[in-house]
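Asker: the sequence and its predicted three-dimensional model are supplied below.
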Amino acid sequence: MGAVVGTLTMQTKQRRPSRDNADDELEMTTVCHRPEGLEQLEAQTNFTKQELQILYRGFKNECPSGVVNEETFKHIYAQFFPHGDASMYAHYLFNAFDTTNNGSIKFKDFVMGLSILLRGTLREKLEWTFHLYDINRDGYINREEMTEIVRAIYDMMGKYTYPALKGDVPQQHVDAFFQKMDKNKDGVVTLEEFILACQEDENMMRSMQLFENVM
Amino acid sequence: MAAGVATWLPFARAAAVGWLPLAKKTMPKPPVDNTSRSDEILYVNVSGVRFQTWKNTLDRYPDTLLGSSEKEFFFNEDTQEYFFDRDPEMFRHILNFYRTGKLHYPRHECIQAFDEELAFYGIVPEIIGDCCMEEYRDRKKENQERLAEDTEANESTDAPLPPHSTPRERLWRAFENPHTSTMALVFYYVTGFFIAVSVIANVVETVPCRPPKGKVKDLPCGEKYDLAFFCMDTACVLIFTFEYLMRLFAAPSRCKFMRSVMSVIDVVAIMPYYIGLVMPENEDVSGAFVTLRVFRVFRIFKFSRHSQGLRILGYTLKSCASELGFLLFSLTMAIIIFATVMFYAEKGTASSTFTSIPASFWYTIVTMTTLGYGDMVPSTIAGKIFGSICSLSGVLVIALPVPVIVSNFSRIYHQNQRADKMRAQQRFRQAGWLRLANLTNESYFLDFTENCSVFQDRDSDSTALCVKNRSAFEHQHHHLLHCLEKTTNHEFTDEMNYSELCMTESVGFRTSRSTSLSSQQGAQNNSTGCCPRRVRRRAAMRLANSTVSVSRGSVQELDTLQFKTTTIPHQTRSSLNAQPDNLKLNCGEQDFTAAIISIPTPPANTPDESLPPSPAPIPGILRNTQATAYTHESFKISSL
């Protein structure tokens, strides 16, 4: 009798679709998400239809369920940086792409993020970068957030670097960054300060254009 | 997931925008990608079955036939499709590999056919997915064993004699393969006859014959017809000795022959006679002499040269040694346990036959093998209970290893049948045209593959092939890593150099130069698991590449991803099929090191001779002078 009840309850549990962050793998694969129509996406992003098609085909091939969760994302990103630990940076990157904050990246998030990075205006790119650095989304980048980001980036380098990574290098990097960006020296960087400081940096502006033909 | 890494690369590169505000140095220029962005559908016609796929799908693995420009050789202009005259069923699996990144082995297909298809399409079998890898390996091993056995069988028997063979070799062949000459066959049958005669004589001489006149008691025939049996025995032993000596003379390796089982049997068969001749007619010793006569029965084992079945039985027992050992061991354990139990159970009764534990061993063995002679019977109730448990468990213990032995015997027996069938078939083939057809096919295939590998080794053409094939993904990935280096103002290096540099950082420029040289050598040594020629070509390619990206304001630096491979035994075209696949496999299983090779600018200094005289030196020198601004590089500059 107990076994019958047990099996019945198990079956009903599986049929209920849930979308909270504590999804386990099984439920994730049964959930299938489809993006909006092609025309709508074309209108919202700066990609052409054909580019969207190519992007979606690759995306769908990788994630047949239509969504990428954080673990998969970290795994993918780690394959590009095999020497170090890319998980922290992938985590921040994931949060930057996941604009709806529901723990998964759908194709729409993916393609909108790419659209900004590759085809957006300079200001849009800088805004995106600012949101990447601003971990808690309070509109300010403080030292702790910056240190986290820089440490995550240095983690990707791995252990064996030349010159060898001494303990304090990330901190120095953060100090240099704040010195450049924080105009009014109040210990935090606002969006406007950030954009202003970046526009003054010639090298950075030039580098921004390098990534345009990635797609 | 493997193919998808390439899909996500643009995303990873786009995300590198996030590093830009932090970058300490300017980013390097991205590699120029001339391939057209638009995707097209390709038509592939395999023996009439049309397949269609995106061009991008096939381009994922540039080291295979379909991913490289090699498929252009199969392009049919009239129908605007690629035509392959191969098996369409197999092609389905090949194409699925491109689509999903996983190669599956279809269980119903022949392993050799599958291997041939893989070789044709340039896919290395090592990338078969885990789901199918075990099955593939098992079948491949089975097939290889079978081939080895067949070749062994073919070589050892019935091969025509080499033209100039000594009499000794001919004699040995006559002994080993009696079918070859009439003399050998006659000798074979004669020895067989004498073995039979000898064995029968041994048996008959113990049969009681009618007593001679005057005596009452029955005599064994051996004593009645003493002389006759002695003559017969002598004749047999003479023949056996002659045979043994001839074999010993003819054997190519006498030590090996003397240690072989058959020769030991021969010796054991004839020794008793000679020992009996030598020994005096002494009462004390004749007891031992009688025991020796027992060994004459081993002559029956000489029949195993004549009978294949006997040899198979012997071989089976040898190959089942572990099962037999297990059987023996478990039986011994059970015997000891039950004997002890029975002894103590029957201890109390008077006139019990279970006088000691070793005496109970006999009861236990007889009971467990369900013989039940009845000479020892338990009388107490406890004894009877344990006795019944003993007989039941005996059945189980003996029944367990028996199927294994039986299946082994059956396998070996069938293999032997197959060997005989193969021999018969070959004789038929030798008669005519089939053999010719087979030979030409094989040689054609061998030629083709050989030409392919030669083609790979030639420098000029395949360099272009290599460079172009690996360029897109690899270039972009390296550019990404380079951007990371620029962001953090540190460079990737490998473990060896790291430890060296830690030790020698304080020393100065001389050691740094040697480390840079040794790092290059080390890099080359590391990559011997990979294709060593490819590393050099890669270096050449990188040099060529570096001339393009002059905006790199640093000393010539070359990135190389290197693989310390431990598992992959052989590389056909390249170490693995494609870079994306590389990354996927390598992250899980192998060590991954990225090394910086700093080549001192004048190519004459490099230990690598095969570098083409590229235009690298001049920009290199320029770059070196630019690099004086970077303090951490300065000691490298002064080495020049």
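Answerer: Nice, I can see it. Numbers count the residues shown, from 1 in each chain, chains lettered A, B, ... in the order given.
Asker: residues contacting stretch A:123-131, please?
Answerer: A:96, A:113, A:116-117, A:120, A:137, A:141, A:191, A:194-195, A:198, A:208, B:17-18, B:20-21 (C-beta atoms under 8 Å, 6 or more residues apart in numbering or on different chains). (C-beta placed from N, C-alpha, C; glycine too.)
Asker: specify the local secondary structure of B:T370.
Answerer: coil (DSSP: H, G, I helix; E, B strand; the rest coil).
Asker: quick check, it in contact with B:S391.
Answerer: Yes. Proximity of B:T370 to B:S391 meets the contact threshold set by C-beta atoms under 8 Å, at 6.2 Å.
Asker: who has more neighbours out of those two?
Answerer: B:S391 (17 against 11; other C-beta atoms under 10 Å in any protein chain shown).
Asker: quick revisit: buried ones among the contacts of stretch A:123-131?
Answerer: Buried residues within these, counting neighbours by 16 or more other C-beta atoms under 10 Å in any protein chain shown: A:96, A:113, A:116-117, A:120, A:141, A:191, A:194-195, A:198, A:208, B:17-18, B:20-21.
Asker: re the thing from before, show me whatever sits in contact with both of B:T370 and B:S391.
Answerer: Common neighbours of B:T370 and B:S391 (C-beta under 8 Å, 6+ apart) do not exist.
Asker: which parts of chain B are strands?
Answerer: B:41-46, B:49-54, B:75-76, B:81-84, B:208-209, B:219-220, B:491-492, B:558-564, B:591-597 (DSSP state E).
Asker: quick one: the residue of the stretch 151-300 of chain B found nearest chain A and A:Q40, what's the gap?
Answerer: Among the residues of the stretch 151-300 of chain B, B:T151 lies nearest to chain A; the distance is 43.6 Å by C-beta to the nearest C-beta. Distance from B:T151 to A:Q40, counting by C-beta to C-beta, to the nearest Å: 67 Å.
Asker: go on, A:M157?
Answerer: Taking C-beta to C-beta, one finds A:M157 at 40 Å from A:Q40.
Asker: the residue nearest the centre of chain A sits in which helix or strand?
Answerer: By C-alpha atoms, centre = their mean, chain A has its centre lying nearest to A:L93, at 2.4 Å. Using DSSP states H and E, A:L93 sits in helix A:87-97.
Asker: that helix vs chain B: in contact?
Answerer: Yes. With C-beta under 8 Å from any C-beta of the partner chain as the criterion, chain B is reached by helix A:87-97 at A:L93, A:A96.
Asker: what is the helix or strand just after that helix packed up against?
Answerer: Proceeding N to C from helix A:87-97, the next assigned helix or strand is strand A:104-106, under DSSP H and E. Applying 3 or more C-beta pairs under 8 Å, 6 or more residues apart in numbering or on different chains; DSSP states H and E, we find strand A:104-106 packed against strand A:67-69.
Asker: which elements pack onto the next helix-or-strand element following the strand it packs on?
Answerer: Downstream of strand A:67-69, the first helix or strand assigned by DSSP H and E is helix A:70-80. If contacts are counted by 3+ C-beta pairs under 8 Å, 6+ apart, helix A:70-80 sits against helix A:87-97, helix B:2-15, helix B:459-488, helix B:579-589.
Asker: let's see that with 7 Å instead.
Answerer: helix A:87-97, helix B:2-15, helix B:579-589 (3 or more C-beta pairs under 7 Å, 6 or more residues apart in numbering or on different chains; DSSP states H and E).
Asker: out of these, which gets the lowest mean score?
Answerer: Mean pLDDT values for these show the minimum at helix B:579-589, a mean of 39.
Asker: can you get me a residue count around residue 123?
Answerer: Defaulting to chain A. Neighbour number of A:R123 under other C-beta under 10 Å is 12.
Asker: oops, wrong one, chain B.
Answerer: 26.
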